[in-house]
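Asks: Let's see this in three dimensions:
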Amino acid sequence: MKIIDLTHTIKENMPVYPGTKPPILAPASSYEKDGFKETLLSMFSHTGTHIDPPSHIFSGKATLDSFPASQFVGKALVVDCRSLLDGEVITLELIKKYREKMHKADFLLFNTGWDKKWNDNAYFGNYPYLSNEVLDYIINGDYKGIGFDVIGLDPISDASLKMHKKLFMSKKIINIENLKNLDLCGDELFTFVCLPIKIENSDGAPARAIAIIEE
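Replies: This is a model prediction of the structure:
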């Protein structure tokens with residue numbers, strides 16, 4: 001069995017969505033003064049590798065803590081989108097070669113290769129994004145979630161979050177952003193685990209995401 005970490009480390013001065021502040025990791029207790037170490041964390045709920053629920057966009061929709069733990073575990077398939085140029089659309093034509101496996105997956109994870117730009121301003125550039133036809137395919141499917149190695153489901157230029165709205169208006173599903181290492185997962189189904197911090201009435205939370213590959 002091989003375990004692949006798909007999670008970016010939370011630290012100060014890390015990439016965050018434009019307009020938000022990076023996390024603060026402040027010393028709260030010290031070995032010298034208190035005999036133990038604690039850190040006071042201050043960060044937005046959508047920091048780093050994190051999960052969006054429908055309540056991220058819509059009042060009254062499902063919060064992240066309202067999902068059962070089973071929502072965050074299942075079979076995943078990585079869709080390789082690395083052939084796309086900056087700002088190109090992920091089309092049905094591109095994903096059709098995966099269709100025999102896609103209907104067996106609980107999660108579709110889109111590998112654009114963009115995680116290699118982490119810690120670079122280029123990360124906030126024109127990453128590839130889903131076409132409306134692919135999003136419709138997901139909405140009409142039976143998926144627990146979708147995931148990306150970019151900072152958002154919507155293009156970076158779309159502050160209105162049309163894709164988020166369309167997804168969460170239509171479906172009780174989770175959306176995972178800022179994954180990494182999807183290129184190490186291969187093109188077969190594997191066990192995917194993405195466990196968010198359980199926060200009351202959560203509009204989103206950082207998560208530890210891993211791939212479990214049977215060898």
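
Asks: buried ones in the helix or strand of the chain with the lowest mean pLDDT?
Replies: Counting by mean pLDDT, DSSP states H and E, the weakest-scoring helix or strand in the chain turns out to be helix 99-102, with a mean of 91. Using 16 or more other CB atoms under 10 Å as the test for burial, helix 99-102 gives M102. The way it works is simple: take the backbone N, C-alpha and C, and place the C-beta from them, glycine included.

Asks: Give me the contact list for it.
Replies: L77, I95, L108, G141, E188, L189 (CB atoms under 8 Å, 6 or more residues apart in numbering).

Asks: And the contacts of the next helix or strand after it?
Replies: Later in the chain than helix 99-102, the nearest helix or strand by DSSP states H and E is strand 107-111. For strand 107-111, contacts defined as CB under 8 Å, 6+ apart pick out 74-82, 90, 102, 128, 130, 138, 143-149, 176, 179, 182-183, 185, 192, 194.

Asks: What's the ChimeraX line that selects buried ones from those residues?
Replies: Those of the contacts of strand 107-111 that count as buried under 16+ other CB under 10 Å are selected in ChimeraX with:
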select :74,76,77,78,79,80,81,90,102,128,130,138,143,144,145,146,147,148,149,176,179,182,185,192,194
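
Asks: Just the ones of the contacts of strand 107-111 in helices?
Replies: Per DSSP state H, helices hold the following members of these: M102, I138.

Asks: neighbours around F190, how many?
Replies: 21 (other CB atoms under 10 Å).

Asks: for this structure, what spans make up the strands?
Replies: 2-5, 24-29, 38-42, 50-52, 73-80, 89-90, 107-111, 129-130, 145-148, 174-177, 190-196, 205-213 (DSSP state E).

Asks: Give me the sheet partners of the fifth one and which way each runs.
Replies: Strand pairing for strand 73-80, determined by DSSP bridges: strand 107-111 (parallel), strand 190-196 (antiparallel).

Asks: now do the fourth one
Replies: Strand 50-52 has the following sheet partners, assigned by DSSP bridges: strand 174-177 (antiparallel), strand 205-213 (antiparallel).

Asks: Contacts made by that strand with the rest, please.
Replies: 46, 64, 72, 145, 153, 164, 168, 174-178, 194, 196, 203-207.

Asks: Over to stretch 77-94?
Replies: 95, 98, 101-102, 104-105, 107-113, 125-131, 133-134, 137, 155, 182-183, 185-189.

Asks: Make a ChimeraX selection of the buried ones in those residues.
Replies: Applying 16+ other CB under 10 Å to those leaves a buried subset, and the ChimeraX line that selects it is:
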select :95,98,102,105,107,108,109,110,111,112,113,127,128,129,130,131,134,137,155,182,185,189
